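Q: the amino acid sequence is not available; the structure is as follows:
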């Protein structure tokens, strides 16, 4: 079999040319990074969990009419997705103060916000993904005003879905980030959710105990990242609940 053509390798995923035009194979790595890749580690099983969890969330969004790039899972580490033109923004939705917002604004972590707040960061690792305003986005042509209206609508719909799903299993959705891509049908453009949705890109706290079940476990040396992600997967039914924590999880097909 001919070796696949690698398109791009990032901190957590590798993208390969897909089997059909307009498709990409997205491979989930076990690498974990934090603080703009200043902290790095390889966490065995992390890629498997993120692949299955992102499949779960993307499938759920597709089912309620929120368009995503997800087509199907191929195996334990790979999924087939639509090729998109990524808008160079990280779209962050915050329900509770945490992380950089708490540091910037002096708000205690865990404080519920008056309403979901949507922020934007310019995607550039060399610059540390700086926070930008809609004025920056318009001035530099990263997205049109119509794009921004659509991005906001998508972000809030994802938040509604994710908040409800997580609340049902006793998890508080503190915040999350998504990426948005453009797809073209002839001359018609539309925006869809791309990249991934997983504990790598969300802050997830146990509602009763406040235990962190996301990448903050790695950022702050709070224990086993695999155990935290496995707990999320078990609660969502992606893994059997009676499985003991394992380095190489056995997941439901």
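A: Happy to help now that I have it. It should be emphasised that the depicted structure is a prediction, and the values quoted were computed from it without experimental measurement.

Q: residue 5 contacts residue 16, correct?
A: Yes - taking contacts as CB atoms under 8 Å, residue 5 lies within contact range of residue 16: 6.5 Å. All C-beta atoms are positioned from the backbone trio N, CA, C, and that covers glycine.

Q: give me the more crowded residue out of those two.
A: Using other CB atoms under 10 Å as the criterion, residue 5 and residue 16 rank with residue 16 on top: 18 against 8.

Q: confirm the more buried one sits in a strand?
A: Yes - under DSSP: H, G, I helix; E, B strand; the rest coil, residue 16 falls within a strand.

Q: could you tell me the model confidence score at it?
A: pLDDT recorded at residue 16 is 97.

Q: ok, now which ones touch it?
A: Applying CB atoms under 8 Å, 6 or more residues apart in numbering to residue 16 gives the contacts 4-7, 24-25, 27.

Q: in strands, which of the residues you listed appear?
A: Mapping those onto strands (DSSP state E) picks out 6-7, 24-25, 27.

Q: separate out the buried members of those.
A: Buried members of these, scored by 16 or more other CB atoms under 10 Å, are 24-25, 27.

Q: closest one of those residues to residue 240?
A: Of all these, residue 240 sits closest to residue 27, with 24.8 Å by CB to CB.

Q: hey, what's the residue lying closest to that closest one once chain neighbours are set aside bridged with?
A: Leaving aside its chain neighbours, residue 27 sits nearest to residue 14 (4.3 Å; criterion: CB to CB, 6 or more residues apart in numbering). Taking DSSP bridges as the rule, residue 14 bridges to residue 9, residue 27.

Q: looking at it, residue 14 is touching residue 6, isn't it?
A: Yes - at 6.2 Å, residue 14 and residue 6 qualify as touching, with contact defined as CB under 8 Å.

Q: tell me which helix or strand comes right after whichever strand or helix holds residue 95.
A: Assigned by DSSP states H and E, residue 95 falls within strand 89-96. For strand 89-96, the following helix or strand on the C-terminal side (DSSP H and E) is helix 99-105.

Q: what's that following helix in contact with?
A: Residues outside helix 99-105 that contact it (CB under 8 Å, 6+ apart): 94, 97, 107-109, 111, 117, 119, 131, 175, 203, 216.

Q: quick one: buried residues of it?
A: Neighbour-count burial for helix 99-105 [16+ other CB under 10 Å]: residue 101.

Q: direction included, what does the helix or strand that it is followed by pair against?
A: Downstream of helix 99-105, the next assigned helix or strand under DSSP H and E is strand 112-122. Here strand 112-122 has these sheet partners by DSSP bridges: strand 89-96 (antiparallel), strand 131-132 (antiparallel).

Q: so which of the ones you listed gets nearest residue 151?
A: Nearest of the strands paired with strand 112-122 (CB to CB): strand 89-96, 5.9 Å.

Q: for the record, mean pLDDT for the closest one?
A: Strand 89-96 comes out at a mean pLDDT of 98.
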